[in-house]
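Q: let's see this in three dimensions:
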Amino acid sequence: MSENETGTEPKTESHDPAVPAAYAAFMREGWGERELDLPVAAVAGPAAQRRTRLAEAFPGERLVLPAGGFKVRSYDTDYRFRPDTAHTYFSGNQTSDAVLVIADGESVLYARPRSSRDTDEFFRDRQYGELWAGRRPSLKEMSDSLGLEVRHIDQLDAMLQGTGKTRVLRGLSAHVDRMVAADETRDSDFARVASELRLIKDDWEVAQLQEACDITTLGFEDVVREWDRVLEFGERWVEGTFFRRARAMGNDIGYDSIVGGGKHATTLHWIENSGPITPGELVLLDMGVENTSLYTADVTRTLPVDGTFTDLQRELYDLVYAAQQAGIEALKPGETFRVGHNAAMDVLAHGLEDLELLPVSAEEALDPESRVYARWTLHGTSHMLGMDVHDCGQAAPESYAEGTLAEGMVLTVEPGLYFQEDDLLVPEELRGIGIRIEDDILITAGGSQNLSAALPRTSTEVEEWMARLRG
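A: Here you go, the predicted model:
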């Protein structure tokens, strides 16, 4: 049940005008009733199959998956709501405060429906009121669309008080967490299985990820077409331009965009995006669109601000490209998850050796007990991708990081080189340069497929692409 359940005082603010009884009574009169004829959601069929697999993993147990609720951004304003990934993956629902319960072979979504005209909520509540926040679907509309039984959230408590083993995805609903005593072993195992079931993407999911990558490509193109404005307003313009495309064609950005001009590119998660874009330097753009089904792309390109690379920039860029290409080519079913990382790091370590930066040979640096080359590479080369940008994060190591690749997995390949501006172990001309290239790769029966291949990767292709888009 929501913290602000139906029947309680509506969520208002101290500056709201008083509501006299006459006004409240008048507002409850004269409203027509209507049910929207919502189409069956495309995810309804896949979600039903997912619930079956989840239930089979925990026979005879009650499984509770909350959607989560609103989070405060500042005082009385909330962030735009985004449901928990596991909740939506297994239900298809994207409304706030809902809870999916799977028990005894049946699945029920407990949800907060559109505001009733029997209370003041619909015209006074700033968070849930229809006249403030928009029309929420009715229980019937949700049920018809999702192909799932839907009950009012007010009925959730009675169900949770029943007997039997119950597992909960914790940290999403304070109310549910209070209602059901925690069992750390059972609950963490539940979270693990819910993550592992998402490792293999079906055809519908692959199509969603392809759509996210295609919209992301358009967002990158938008940025380059507006390069004169980028030069004028800097990193902020890139962030805003890409966000416009994400909202126009998707749900949101999948993560805070990283726009690193010049030395900011050496900060791996630079999301402040407040700096200039300076001619003669590089700019690293790590951005991804989350589509309306909540699947996200995760793509990085490093562009020459002038439209052409200098000789030094091209040498370093081509080294990172060679590392990424080696990582992609290493991916295929049956290989270890880290095979792409190892292949990319082999290229980068030998490249650093050629640049005379390593204190030892490349082979010695690649020894797991050394890894001194990582001073300039810093991060792993791959992570799973799906509804979360770092998808399946609670899967067991043996199923993910220490596991093997399988057809249907989608992961990034994103090697990089980062020379910090205060690194005295590298020549001055390298300091402040950061380069990363990242693509989203589907494991196929015969190897792999690059879902983000529409964006150019080689240095020459990048230059030609920028020139064409800038006219």
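Q: quick check: what element follows the top helix by length along the chain along the chain?
A: Looking across the chain with DSSP state H, the single longest helix is helix 203-225. Per DSSP states H and E, the first helix or strand lying C-terminal to helix 203-225 is helix 227-233.
Q: low-scoring pLDDT stretches of the chain, where are they?
A: Applying pLDDT under 70 to the chain flags residues 1-8.
Q: would you map out the domains in the protein?
A: 21-196, 203-470 (automatic domain parsing).
Q: of those, which stretch is the most buried?
A: domain 203-470 (a mean of 19; mean count of other CB atoms under 10 Å). (Glycine included, C-beta is placed from N, CA and C.)
Q: quick one: it to chain centroid distance?
A: 15 Å (CA atoms, centre = their mean, to the nearest Å).
Q: mind checking the end-to-end distance for it?
A: Length of domain 203-470, first residue to last, CA to CA, to the nearest Å: 36 Å.
Q: do the same with stretch 19-30
A: First-to-last distance for stretch 19-30 - CA to CA - comes to 18 Å.
Q: now swap in stretch 287-304 and tell me
A: Taking CA to CA as the criterion, the two ends of stretch 287-304 lie 17 Å apart.
Q: picking that back up, which helices and strands does the longest helix of the chain pack with?
A: Packing partners of helix 203-225 (3 or more CB pairs under 8 Å, 6 or more residues apart in numbering; DSSP states H and E): helix 235-249, strand 282-287, strand 289-290, strand 299-304, strand 439-444, helix 459-470.
Q: let's see that with 6 Å instead.
A: Counting contacts by 3 or more CB pairs under 6 Å, 6 or more residues apart in numbering; DSSP states H and E, helix 203-225 is packed against helix 235-249, strand 289-290, helix 459-470.
Q: I'd like the ones you listed laid out as JSON lines, including distance to V339.
A: What follows is the helices and strands packed on helix 203-225, written out as JSON lines (distance: least, CB to CB, whole Å):
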{"stretch": "helix 235-249", "distance to V339": "31"}
{"stretch": "strand 289-290", "distance to V339": "28"}
{"stretch": "helix 459-470", "distance to V339": "26"}
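Q: V223: which of these is closest?
A: Minimum separation from V223 across the helices and strands packed on helix 203-225 (CB to CB) falls at helix 235-249, 5.1 Å.
Q: what angle do strand 299-304 and the closest one make with each other?
A: Put simply, helix 235-249 runs at 140 degrees to strand 299-304, going by axes from the mean of the first three to the mean of the last three CA atoms, to 10 degrees.
Q: helix 235-249: what's the following helix or strand?
A: Using DSSP H and E, the first helix or strand after helix 235-249 is strand 252-253.
Q: which one is P10 nearest to, not counting chain neighbours?
A: In this structure, P10 finds its nearest non-sequential neighbour in D125, 3.6 Å apart by CB to CB, 6 or more residues apart in numbering.
Q: my guess is the one you found meets K11, correct?
A: Yes - assessed by CB atoms under 6 Å, D125 is found in contact with K11 at 5.0 Å.
Q: helices of the stretch 351-471 of the chain, start to end?
A: Assigned by DSSP state H, counting those that start in this stretch, the stretch 351-471 of the chain shows helices spanning 362-365, 459-470.
Q: how about the contacts made by E235?
A: By CB atoms under 6 Å, 6 or more residues apart in numbering, E235 lies in contact with V259, G261, N273, G275.
Q: then E414?
A: T300, R436, E438.
Q: same check, this time on M384
A: D391, C392, L411.
Q: switch the cut-off to 8 Å
A: L199, H390, D391, C392, G393, A395, Y400, M409, V410, L411 (CB atoms under 8 Å, 6 or more residues apart in numbering).
Q: separation between it and D440?
A: M384 is 11 Å from D440, where distance means CB to CB, to the nearest Å.
Q: find residues that contact each of those two.
A: V410, L411.
Q: list the beta-bridge partners for the residue lying closest to V320 once chain neighbours are set aside.
A: Leaving aside its sequence neighbours, V320 sits nearest to I435 (CB to CB, 6+ apart; 4.9 Å). For I435, the beta-bridge partners are L417 (DSSP bridges).
Q: so who does the closest residue to Q394 other than its chain neighbours touch?
A: Leaving aside its chain neighbours, Q394 sits nearest to S195 (4.0 Å; criterion: CB to CB, 6+ apart). Residues in contact with S195 (CB under 8 Å, 6+ apart) are A86, C392, G393, Q394, A395.
Q: distance check, S195 against D189.
A: 11 Å.
Q: need the contact list for E272.
A: E272 neighbours (CB under 8 Å, 6+ apart): none.
Q: likewise for P368?
A: Counting by CB under 8 Å, 6+ apart, P368 makes contact with nothing.
Q: cool, and the one 3 residues further on?
A: For R371, the contacting residues are A365, by CB under 8 Å, 6+ apart.
Q: what about it, distance to G340?
A: Note on R371: its distance to G340, by CB to CB, is 17 Å.
Q: cool, G434 as well?
A: According to CB to CB, G434 and G340 sit 21 Å apart.
Q: likewise for E353?
A: Look at E353 and G340: by CB to CB, they are 21 Å apart.
Q: may I have the phi/psi pair for the closest residue in space to L169 that isn't next to it in sequence?
A: Nearest residue to L169, sequence neighbours excluded (CB to CB, 6+ apart): L65, at 5.1 Å. Per-residue torsions, L65: phi -130, psi 100 (degrees, to the nearest 10).
Q: was I right to think L65 contacts A98?
A: No - in this structure, L65 is not within contact of A98 by CB atoms under 8 Å, at 9.3 Å.
Q: G68 touches A174, doesn't it?
A: No - between G68 and A174 there is no contact under CB under 8 Å: 10.2 Å.
Q: now the contacts of E235 in JSON lines, please, with extra columns for secondary structure and distance to D311.
A: Listed next are the contacts of E235 as JSON lines, based on DSSP: H, G, I helix; E, B strand; the rest coil; distance: CB to CB, whole Å:
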{"residue": "V259", "secondary structure": "strand", "distance to D311": "25"}
{"residue": "G261", "secondary structure": "strand", "distance to D311": "20"}
{"residue": "N273", "secondary structure": "coil", "distance to D311": "29"}
{"residue": "G275", "secondary structure": "coil", "distance to D311": "25"}
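Q: so which of those comes closest to L358?
A: Out of the contacts of E235, the member with the shortest distance to L358 (by CB to CB) is G261, at 28.3 Å.
Q: ok so, going back, from D144, how far off is the residue nearest to V320?
A: I435 is 50 Å from D144, by CB to CB.
Q: next: W204.
A: According to CB to CB, W204 stands 20 Å off from D144.
Q: re the thing from before, overlap in contacts of L65 and A98?
A: Counting by CB under 8 Å, 6+ apart, the residues touching both L65 and A98 are H87, S91.
Q: OK, contacts around L348?
A: L319, V320, A323, Y373, W376, T377, P415, L417.
Q: what residues are up against the third one?
A: For A323, the residues meeting the contact criterion (CB under 8 Å, 6+ apart) are A343, A344, M345, V347, L348, G351, P415.
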